[in-house]
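[1] Below are the sequence and a predicted model for it; my questions follow.
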2 protein chains.
Amino acid sequence: MTERATNQKNAILNVLKDAQMPMGVSAILSAGQKVVPSLSQATVYRVLKSMIEKGIADVVQLPGSAPLYEMSGKAHHHFFRCRLCEKMFEIAGCDRFLHKLTPKGFALEEHEMFLFGLCAACKKQS
Amino acid sequence: MTERATNQKNAILNVLKDAQMPMGVSAILSAGQKVVPSLSQATVYRVLKSMIEKGIADVVQLPGSAPLYEMSGKAHHHFFRCRLCEKMFEIAGCDRFLHKLTPKGFALEEHEMFLFGLCAACKKQS
DNA sequence: ATAATAATAAGAATCCATTATCAATAAGTC
DNA sequence: GACTTATTGATAATGGATTCTTATTATTAT
């Protein structure tokens, strides 16, 4: 038989679609359980894996943390994470800078970049 | 009593001093065992931890990999890792670019950056 | 040299993220 | 509705990195 549509898959898909930032497995699990209370961690891992294989979702690897997940299809971007509220903000426009940093004769193929600090809201309060 | 000088500590220190790039625990262990054959993994962890606390060594966290270690005291820098020979090359001069990417009102405090691709030598051969 | 004890080696234990197992459940076909 | 089997839930198992334990070794003060 072919692949089946399930409430669990839909729940996880919608969680990621509604997310304002990349989410980790445990956050996806909690959010998904609000829709499908029985949702289990194993299913989150299974469904995420399948979504990534299909190209529906992408992995975001922060240094020293477990991977986060987001819907794919966004333009290339990076993240600024606020140290206080922990929100993540998308950053674009890296490429024109990075090539200038690449040594002569080198071929730049991929890159990772993360900015950390205070977002505008948290900066005001401090 | 006070801290003692040991061959193990010296070996690990020298391994890091001689290193041309950040090293992982297992690489440090192998290199150290050439000087002190009995050197154990636990000691590498213990000594590295102590070196970091003292500010002698720094941790380099690549996304999705175990941490690497290097001597501290270097000017701020990042790395370009060649996908073929796996060597790492230091990259400097990021700051002037990164502030331009930071949104208005945000305070940029820290950042991580990694470049991947081909180094000049490997690019020639391919 | 000797004694006191910091440091080590070896391996067991822990921790965390992820994967595997398998009986129970439920989507899709008839 | 009944059947086939993909999917799930619960939990055990795994893998890798790191820390703990303990008897042994080796540094340093005396």
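    Yes, it's here.

[2] Excluding residues flanking it in the chain, which one is nearest the residue most central in space within chain A?
    Most central residue of chain A, judged by C-alpha distance to the mean C-alpha position with CA atoms, centre = their mean, is A:P22 at 2.9 Å. Here the nearest residue to A:P22 in space, its sequence neighbours aside, is A:L68; by CB to CB, 6 or more residues apart in numbering or on different chains that works out to 3.6 Å. Using the backbone N, CA and C atoms, a C-beta is placed for each residue, glycine as well.

[3] who's in contact with the one you found?
    Under the criterion of CB atoms under 8 Å, 6 or more residues apart in numbering or on different chains, the contact partners of A:L68 comprise A:22-24, A:59-62.

[4] Try it again at 6 Å.
    By CB atoms under 6 Å, 6 or more residues apart in numbering or on different chains, the residues touching A:L68 are A:22-24, A:60.

[5] Might one say that the residue nearest to the centre of chain A is in contact with A:V60?
    Yes - the criterion here is CB atoms under 6 Å, and A:P22 meets it with A:V60 at 4.4 Å.

[6] Can you spell out which helices and strands pack onto the helix ranked longest in chain A?
    Ranked by number of residues, the top helix in chain A under DSSP state H is helix A:41-54. On a contact count with 3 or more CB pairs under 6 Å, 6 or more residues apart in numbering or on different chains; DSSP states H and E, helix A:41-54 meets helix A:7-18, helix A:25-33.

[7] Please work out the average pLDDT along it.
    For helix A:41-54, the per-residue pLDDT values average out at 98.

[8] Compute the inter-axis angle for it and helix A:7-18.
    60 degrees (axes from the mean of the first three to the mean of the last three CA atoms, to 10 degrees).

[9] then helix A:41-54 to CSV, C-alphas only?
    Taking C-alpha atoms only, helix A:41-54 is exported to CSV below (Å, rounded to 0.1, in the frame of the first residue of the first chain):
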residue,chain,number,x,y,z
GLN,A,41,8.5,11.4,20.6
ALA,A,42,9.3,8.5,18.4
THR,A,43,6.7,9.7,15.9
VAL,A,44,8.1,13.2,15.9
TYR,A,45,11.5,11.8,15.0
ARG,A,46,10.1,9.5,12.4
VAL,A,47,8.0,12.1,10.7
LEU,A,48,10.7,14.8,10.8
LYS,A,49,13.1,12.3,9.2
SER,A,50,10.6,11.6,6.5
MET,A,51,9.9,15.3,5.9
ILE,A,52,13.6,16.0,5.5
GLU,A,53,14.1,13.2,3.1
LYS,A,54,11.2,14.6,1.0
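
[10] can you pull the buried residues of it?
    When burial is assessed from 16 or more other CB atoms under 10 Å in any protein chain shown, helix A:41-54 yields the following buried residues: A:43-44, A:47-48, A:51.

[11] Let's have those residues in a markdown table, adding distance to A:E3.
    Output for the buried residues of helix A:41-54, formatted as a markdown table (distance: CB to CB, whole Å):
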| residue | distance to A:E3 |
| --- | --- |
| A:T43 | 14 |
| A:V44 | 17 |
| A:V47 | 11 |
| A:L48 | 15 |
| A:M51 | 12 |
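
[12] Tell me the one of the residues you listed nearest B:L13?
    Of all these, A:L48 has the smallest distance to B:L13: 42.5 Å, by CB to CB.

[13] who's in contact with the closest one?
    Contacts of A:L48 (CB under 6 Å, 6+ apart): A:Y69.

[14] Residues of chain A that sit close to DNA strand D?
    For chain A, the residues in contact with DNA strand D (CB under 7 Å from any atom of the strand) are A:1-4, A:6, A:8-9, A:36, A:38-43, A:46-47.

[15] same thing but 10 Å
    In this structure, chain A approaches DNA strand D at residues A:1-12, A:29, A:32-33, A:36-47, A:50, A:64, judged by CB under 10 Å from any atom of the strand.

[16] how about the longest strand along chain A: buried residues?
    Of all the segments assigned as strand in chain A under DSSP state E, the longest by residue count is strand A:107-118. Residues of strand A:107-118 classed as buried: A:108, A:111-118 (neighbour count, 16+ other CB under 10 Å).
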